[in-house]
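S.K.: Have a look; sequence and predicted model below, questions after that.
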Amino acid sequence: MTIYEEVYSYLENNPKFRERKYRGHLLCNLALRATGLGNKYSRGEKLTIQEMCDFAVKFDSYRHAWGDVTREVPSLRGTDYDEGERLAQEKQVGLGYTPGYTRDITSLKKL
């Protein structure tokens, strides 16, 4: 089963994970299981840098798959799907950034 198919199946069977606020929980659990680190993490054992790197790569793959599935299959989108840009801007402000700062950087590079 591909990562895309795995995420598709989870979203189909667990509507809760279609919402952005629960996306991270699903992606973490899938990445921990895929990397074989779930048991080690649950026992409270320290992870090596390499294990954390492997987890990060796998998490990012699942994050991309979640985005692909929700973009391509409207029935598997959460109620907050259309609010994605607004939610991202709120997060940027909360982190001290100005929404749209990447457009400003792109414009400056063209000068």
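M.R.: Arrived safely, thanks for sending.
S.K.: Now the closest residue to Tyr81 other than its chain neighbours: which helix or strand?
M.R.: Excluding its sequence neighbours, the residue lying closest to Tyr81 (C-beta to C-beta, 6 or more residues apart in numbering) is Thr70, at 6.3 Å. (C-beta placed from N, C-alpha, C; glycine too.) Secondary structure assigned from DSSP states H and E places Thr70 in helix 49-72.
S.K.: can you give me how far that helix is from the chain middle?
M.R.: Its chain's average C-alpha position is 6 Å from that of helix 49-72, according to C-alpha atoms, centre = their mean, to the nearest Å.
S.K.: between the helix or strand that that helix is followed by and helix 49-72, how big is the angle?
M.R.: Helices and strands here follow DSSP H and E; after helix 49-72, the next one along the chain is helix 84-94. In terms of direction (axes from the mean of the first three to the mean of the last three C-alpha atoms, to 10 degrees), helix 84-94 departs from helix 49-72 by 140 degrees.
S.K.: circling back to that earlier point, just confirm the residue nearest to Tyr81 contacts Leu11, I think it does.
M.R.: Yes: between Thr70 and Leu11 there is a contact under C-beta atoms under 8 Å: 7.4 Å.
S.K.: Please enumerate the shared neighbours of those two.
M.R.: Arg18, Leu76 (C-beta atoms under 8 Å, 6 or more residues apart in numbering).
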